[in-house]
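Asker: Sequence below, structure please.
(4 chains)
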There are 2 protein chains.
Amino acid sequence: MAEETKVTIDDIAERAKVSKSTVSRVLSGSAVVAQPKRAAVLKAIDELDYRPNIFAQSLASGRSLTIGVLTQNIGSPFYDAILVGIHEGLGGSDYSPIVADGRWHLATEQTALQTLLDRRVDGLIVIGGSVQGSKLLRTVEQVPLIVVARNIPELGSHCICLDNFEAAYRATKHLIEHGHREIAHITGALSQGDAVRRREGYLQALSDAGIKPDPELVVEGNFRRQSGALAVEMLLTRGRMFSAIFAANDQMAFGARLALFRRGLRVPEDVSIVGIDDEPASAYMTPPLTTMRQPAIEMGEAAAHAILCLLNDEPLPNLQFSMELIARETVARHI
Amino acid sequence: MAEETKVTIDDIAERAKVSKSTVSRVLSGSAVVAQPKRAAVLKAIDELDYRPNIFAQSLASGRSLTIGVLTQNIGSPFYDAILVGIHEGLGGSDYSPIVADGRWHLATEQTALQTLLDRRVDGLIVIGGSVQGSKLLRTVEQVPLIVVARNIPELGSHCICLDNFEAAYRATKHLIEHGHREIAHITGALSQGDAVRRREGYLQALSDAGIKPDPELVVEGNFRRQSGALAVEMLLTRGRMFSAIFAANDQMAFGARLALFRRGLRVPEDVSIVGIDDEPASAYMTPPLTTMRQPAIEMGEAAAHAILCLLNDEPLPNLQFSMELIARETVARHI
DNA sequence: TATATATATGAAATCGGTTTCATTACCATA
DNA sequence: TATGGTAATGAAACCGATTTCATATATATA
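Answerer: The predicted structure is shown next:
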């Protein structure tokens, strides 16, 4: 491409009249170097605008200064928010994240994981996903691992996740407390544990309130907007009455809200809605969506910090988070 | 961490009874290897589950198999959509993207750029941003570069961008054609060229229709939802009548829509809205937002393909994209 | 059959650092 | 003054691949 007079550590050593060992030492601070020499080295580095070759560094030291991030769906607000947090949390450290996308597809996910491992990441953050815990367990022997937004019992303390059951329970209870009894539920993809647990929380809240769950009122979605709209259509054609909808995430709540709009049903006057996530767009739905807030950015940051701790053999900080009910304007009292 | 009997190329060579040169050759396909030996090597690789050390590869070959992506705002739907496209476009190739975030902050952006360069990326994709063209021009001498969502004249053919002037012109014209004459405009952050060009398109469309632009009807936003809401508040307090709003992006259109809702103004009966971007959420606004579609994912994919072409010394494909009007339900005829 | 050419392979150099180990210089203690 | 210990430094080995170059073998040509 161009002149590209590559400056190497030897050039610095020569110019500073020291050995490359010494240059390496001032670079990494791995040993004390006499002040005059250190100064000479620094000066040479500056004058030649020297940039250590990261491959050579990695090869020799065995560290890549890279954190692998395995996400499931780039472009999804919730997952992206976690990524934001991770970037944030890694900022200032020497580590750069390198993210691979599993696209909620097992084979893709495994390939992505392998790619990350092949790149010899120093740490791994897995967001959601469906790779078996056992496989991850094997991974954890190779590289420090933190799991976000998914609970893997075997990995207990290394998981940053929330109580999905409880979140759903509280969301549903919120509706019940507003007088609703016919509460529909749009589930997430039931192949995912989170979706199942949320449904259980919903069911439990109903029975605790003495309401007999009606199977006709729950329809399976897939966590995406469109499925929320479809679900409402289905609910409506089934003909069962309902005064409220608990959607397993905000995306589906948006979809549901649009479908209701199409049918001329008002929110919240005719139908109340509660979602889960509190993604950035939720506050700007019309009307603003009542939802259970997942602190996605904070969780991402926590994951980054946790990985850094693991890398420095420091004890893990507290990784507990909980959901918070954000009562906005999509829930009305039902008479 | 564990047993970790690292398998190296020498182990493979030994087991397959060939030299490491030969192993390297079958690995990279850089030269013909006799069938029996090739088979032996492959067998050994498989049996030992050998994974080449990427640092050693990179150090020796000078290639990192890594594409740097400099974005400006992880978590923003539009930018994230481009990232999705890039991931998509790189999938299947041997290259992995590594993304750094400039956060629309010059110093941060320069640091991020330097990080990417220090990591010796083989190619660079810059999304938006404000680093001077001249600086990028110097960068382009070090590494193949593609710029997305920003036009840098000096880099002409390496830019994937759209005609913002025209998009704004057509969006405004769409409103005019529906009988609107008092059309407000919420600009983006005017420190960004895109925002300026969109405003110019808006202004031009007005004058071409013989409408005298009213400075009171344009308010500066910053491309974020909240600024859209604020802008509407401001417009309303100014007291100037307007029957339509052209927002420089969808995010601000969402904000505007919420503010109108708060004031009891109906969309589109009382006020029509047009945005720009057509981000995924736009189709789920209530009512669905009329907007100019930017093919973000496609642009990201094109950027990835273009970089790959550059890397293979192939000619660049066509990088022309254009915006398309997506007429949904936020524009009504004004009498 | 002798010679030229092409093909497959291995030995060794190289990429640019880190790290071990030995050496030297210096200071404190006996 | 002799001895032990410490601190700073350089030489050289090493990390694990790619690539150049030389060599041996096979094939084609005269």
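
Asker: In CSV, list the C-alpha atoms belonging to stretch A:88-105.
Answerer: Taking C-alpha atoms only, stretch A:88-105 is exported to CSV below (Å, rounded to 0.1, in the frame of the first residue of the first chain):
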residue,chain,number,x,y,z
GLU,A,88,-18.7,0.2,28.1
GLY,A,89,-17.3,-2.1,30.7
LEU,A,90,-14.3,-3.1,28.6
GLY,A,91,-13.5,0.5,27.8
GLY,A,92,-10.4,1.7,29.4
SER,A,93,-9.0,-1.9,29.8
ASP,A,94,-6.6,-3.3,27.2
TYR,A,95,-9.2,-5.7,26.1
SER,A,96,-11.3,-5.4,23.0
PRO,A,97,-14.5,-7.4,22.5
ILE,A,98,-15.0,-9.4,19.4
VAL,A,99,-18.5,-10.5,18.9
ALA,A,100,-20.0,-13.4,17.1
ASP,A,101,-23.7,-14.0,16.4
GLY,A,102,-25.4,-17.3,17.0
ARG,A,103,-28.7,-16.1,15.5
TRP,A,104,-30.6,-18.3,17.8
HIS,A,105,-29.6,-21.2,15.7
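
Asker: Mind listing what's buried along it?
Answerer: A:88-91, A:95-104 (16 or more other C-beta atoms under 10 Å in any protein chain shown). Any C-beta I mention is one placed from the backbone N, CA and C, and that applies to glycine too.

Asker: Need phi/psi at A:Val126.
Answerer: phi -110, psi 120 (degrees, to the nearest 10).

Asker: Is it in contact with A:Val148, as I believe?
Answerer: Yes. With contact defined as C-beta atoms under 8 Å, A:Val126 reaches A:Val148; the gap is 7.1 Å.

Asker: pretty sure A:Leu113 contacts A:Leu70?
Answerer: Yes. The criterion here is C-beta under 8 Å, and A:Leu113 meets it with A:Leu70 at 5.7 Å.

Asker: overlap in contacts of those two?
Answerer: Common neighbours of A:Leu113 and A:Leu70 (criterion: C-beta atoms under 8 Å, 6 or more residues apart in numbering or on different chains): A:100, A:102, A:126.

Asker: Filter those residues to keep only those in contact with chain B.
Answerer: With C-beta under 8 Å from any C-beta of the partner chain as the criterion, the shared contacts of A:Leu113 and A:Leu70 include A:Ala100 near chain B.

Asker: any chance of the shared contacts of A:Leu113 and A:Leu70 in CSV, with pLDDT too?
Answerer: As requested, the shared contacts of A:Leu113 and A:Leu70 are exported to CSV (pLDDT from 0 to 100):
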residue, pLDDT
A:Ala100, 95
A:Gly102, 93
A:Val126, 96
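
Asker: restrict the shared contacts of A:Leu113 and A:Leu70 to contacts with DNA strand C.
Answerer: Filtering these for proximity to DNA strand C by C-beta under 7 Å from any atom of the strand leaves nothing.

Asker: now, among the shared contacts of A:Leu113 and A:Leu70, which is nearest to B:Phe261?
Answerer: Among these, A:Gly102 lies closest to B:Phe261 (C-beta to C-beta), at 37.6 Å.

Asker: quick one: contacts for that closest one?
Answerer: By C-beta under 8 Å, 6+ apart, the neighbours of A:Gly102 are A:70-73, A:108-109, A:112-113, A:129-131.

Asker: Count the residues that sit near the residue nearest to it when sequence neighbours are not counted.
Answerer: Nearest residue to A:Gly102, sequence neighbours excluded (C-beta to C-beta, 6 or more residues apart in numbering or on different chains): A:Glu109, at 3.1 Å. A:Glu109: 23 surrounding residues under other C-beta atoms under 10 Å in any protein chain shown.

Asker: Tell me the spacing between A:Glu109 and A:Gly128.
Answerer: With distances taken as C-beta to C-beta, to the nearest Å, A:Glu109 is found 9 Å from A:Gly128.

Asker: so what sits against both of the two?
Answerer: Shared contacts of A:Glu109 and A:Gly128 (C-beta under 8 Å, 6+ apart): A:Gln72.

Asker: Walk me through the domains of chain A.
Answerer: A:9-52, A:66-161+A:296-320, A:164-293 (automatic domain parsing).

Asker: Please, where are all the strands along the stretch 201-335 of chain A?
Answerer: A:218-220, A:244-247, A:272-277, A:290-293, A:324-326 (DSSP state E, counting those that start in this stretch).

Asker: Tell me which of those sits nearest to DNA strand D.
Answerer: Set against DNA strand D and scored by C-beta to the nearest atom of the strand, these come closest in strand A:272-277, at 42.6 Å.

Asker: which strands and helices sit next to that closest one?
Answerer: helix A:164-177, strand A:244-247, helix A:250-262, strand A:290-293 (3 or more C-beta pairs under 8 Å, 6 or more residues apart in numbering or on different chains; DSSP states H and E).

Asker: JSON lines for the ones you listed, including mean pLDDT?
Answerer: Putting the helices and strands packed on strand A:272-277 into JSON lines (pLDDT from 0 to 100) gives the following:
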{"stretch": "helix A:164-177", "mean pLDDT": "98"}
{"stretch": "strand A:244-247", "mean pLDDT": "98"}
{"stretch": "helix A:250-262", "mean pLDDT": "98"}
{"stretch": "strand A:290-293", "mean pLDDT": "98"}
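
Asker: For B:Leu289, which of the ones you listed is the nearest?
Answerer: helix A:250-262 (11.2 Å).

Asker: can you pull the contacts of the residue at minimal distance from the centre of chain A?
Answerer: In chain A, the C-alpha nearest the mean C-alpha coordinate belongs to A:Ile82, at 3.7 Å (C-alpha atoms, centre = their mean). Shown in contact with A:Ile82 (C-beta under 8 Å, 6+ apart): A:71, A:127, A:148-149, A:296-297, A:299-300, A:303.

Asker: for the stretch 1-150 of chain A, which spans come out with low pLDDT?
Answerer: A:1-5 (pLDDT under 70).

Asker: Please enumerate the strands of it.
Answerer: For the stretch 1-150 of chain A, the strands defined by DSSP E, counting those that start in this stretch cover A:66-71, A:96-101, A:123-127, A:145-148.
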